[in-house]
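In: have a look at this prediction, sequence included:
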Amino acid sequence: MRRTRERYRVDLLELQAACEANYLRLLRLLPGMRNHPDTRRIAMSQGDRLLGVLVLTVTESCPYTTTVQISQQDCLPWLPAPQMDVRVYHDARMAEVIGAENARRFRGIYSYPNAQMHQPDEKNQLNLFLGEWLGHCLACGHELEFVL
C-alpha cells in the first residue's frame with residue numbers, strides 16, 4: 001500500500017503567535033520606531049568574542065505600519081550574514097517578514113519542489129527564525145550606538 005504525503009497546511013495560530021511575539025521583541029529593541037524612525041546597532045557577543053552587529057533600520061514609517069530592515073554585519077567569516085525586511089503592523093500588534101535575502105512577498109504555502117526551492121512552510125520558518133534572532137539579540141546584545 002502506497003502512502004501519500006499529507007499536504008502542508010498553514011497553522012494560522014502558530015503564525016499569528018510568532019508575529020505577535022516578534023512585534024513585542026521589536027518594540028523592545030526599537031521603542032520609538034513609530035514616532036522617531038531611527039537606526040540602532042547592537043553588538044552580539046559571547047564573552048569577549050564579537051559574533052556580529054545587528055543593525056535595525058526603519059525604512060518606511062506610515063500611520064499604521066512601519067517597515068524595518070534587519071541585517072547582521074561583522075559576522076564570523078564562515079557565517080552568512082542574514083538580512084530581512086519586516087513589516088510592523090501597529091494596529092494588529094504584529095511583525096511579519098516580508099523579505100529575506102533577495103526574495104520578497106512570501107506565500108503561505110509552496111508546492112514542493114518548486115523553481116525557487118522554497119520549503120512548503122517557508123513563511124512560517126522565516127518568522128520563527130526572526131523570533132529566535134531577535135530573542136538572542138535581547139539576551140546577548142549590547143548597544144553600540146544610537147543614531148536619530
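Out: That came through fine.

In: looking at this, Pro31 is in a helix?
Out: No: the assignment for Pro31, made by DSSP: H, G, I helix; E, B strand; the rest coil, is coil rather than a helix.

In: ok, which stretches of the chain are strands?
Out: Under the criterion DSSP state E, the chain contains strands at 39-46, 49-61, 65-73, 83-89, 94-100, 103-104, 141-147.

In: tell me the gap between stretch 91-101 and the middle of its chain.
Out: The chain centroid and the centroid of stretch 91-101 are separated by 7 Å, computed with CA atoms, centre = their mean, to the nearest Å.

In: and for stretch 69-82?
Out: For stretch 69-82, the distance to the chain centre is 13 Å (CA atoms, centre = their mean).

In: name the residues of it that are buried.
Out: 69-72, 75, 82 (16 or more other CB atoms under 10 Å). Yep, even glycine has a C-beta here, placed from its N, CA and C like the rest.

In: with stretch 86-96 instead?
Out: In terms of neighbour count (16+ other CB under 10 Å), stretch 86-96 has its buried residues at 86-88, 90, 94-96.

In: chain center to that stretch: distance?
Out: 11 Å.

In: picking that back up, save the buried residues of stretch 69-82 as JSON lines, and put in distance to Gly135 too.
Out: Below are the buried residues of stretch 69-82 laid out as JSON lines (distance: CB to CB, whole Å):
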{"residue": "Gln69", "distance to Gly135": "19"}
{"residue": "Ile70", "distance to Gly135": "13"}
{"residue": "Ser71", "distance to Gly135": "17"}
{"residue": "Gln72", "distance to Gly135": "14"}
{"residue": "Cys75", "distance to Gly135": "18"}
{"residue": "Pro82", "distance to Gly135": "14"}
